[in-house]
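1. Curious how this folds, go ahead:
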Amino acid sequence: MRPRDPHEPGRAASSLELLFDLVFVVAVSISADQLQLTLAEDRVLDGVISYAAVFFSIIPVPITLTAAILAGVAAVLLWRTPVASSREVSEPVV
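-> Down below sits the predicted model:
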């Protein structure tokens, strides 16, 4: 299959482009679900790495930019994580 000219007037997406978009959306959806589960289990780093892997496996990005983005995502997730005191289990009242 030869590539299409991106400057072609009235260009519509090909079936292959639509399939790629659909696969990417499903991968992000599954990865976001796994991220939520790992955050609930307090495994922030595992979740961030697997979530970011979806994006960086598709888009070629220099390693320094990848590391900077991963550090930023991890920092935001750690900053947004609830404080430990709200996770403490209280003793049952007798």
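
2. so which helix or strand takes in Asp46?
-> Assessed by DSSP states H and E, Asp46 sits inside helix 44-58.

3. can you list contacts of the following helix or strand past that helix?
-> Per DSSP H and E, helix 44-58 leads on to helix 63-80 as the next helix or strand towards the C-terminus. Helix 63-80 is contacted by residues Leu39, Val44, Leu45, Gly47, Val48, Ile49, Tyr51, Ala52, Phe56, Val61 when judged by CB atoms under 8 Å, 6 or more residues apart in numbering. Quick note: C-beta positions are derived from backbone N, CA and C, even for glycine.

4. Could you tell me how far the fifth one is located from Ala13?
-> Taking CB to CB, to the nearest Å as the criterion, Val48 is separated from Ala13 by 31 Å.

5. So which of the two has more stuff around it?
-> For Val48 versus Ala13, the count of surrounding residues by other CB atoms under 10 Å is larger for Val48: 21 against 11.

6. Next one: the more buried one from Phe56, what distance?
-> Val48 is 12 Å from Phe56, by CB to CB.

7. just Asp42 next, same as before
-> 24 Å.

8. Looking at those two, which is more packed in?
-> For Asp42 versus Phe56, the count of surrounding residues by other CB under 10 Å is larger for Phe56: 15 against 11.

9. Next one, pLDDT for that one please.
-> Phe56 is assigned a predicted lDDT (pLDDT) of 72.
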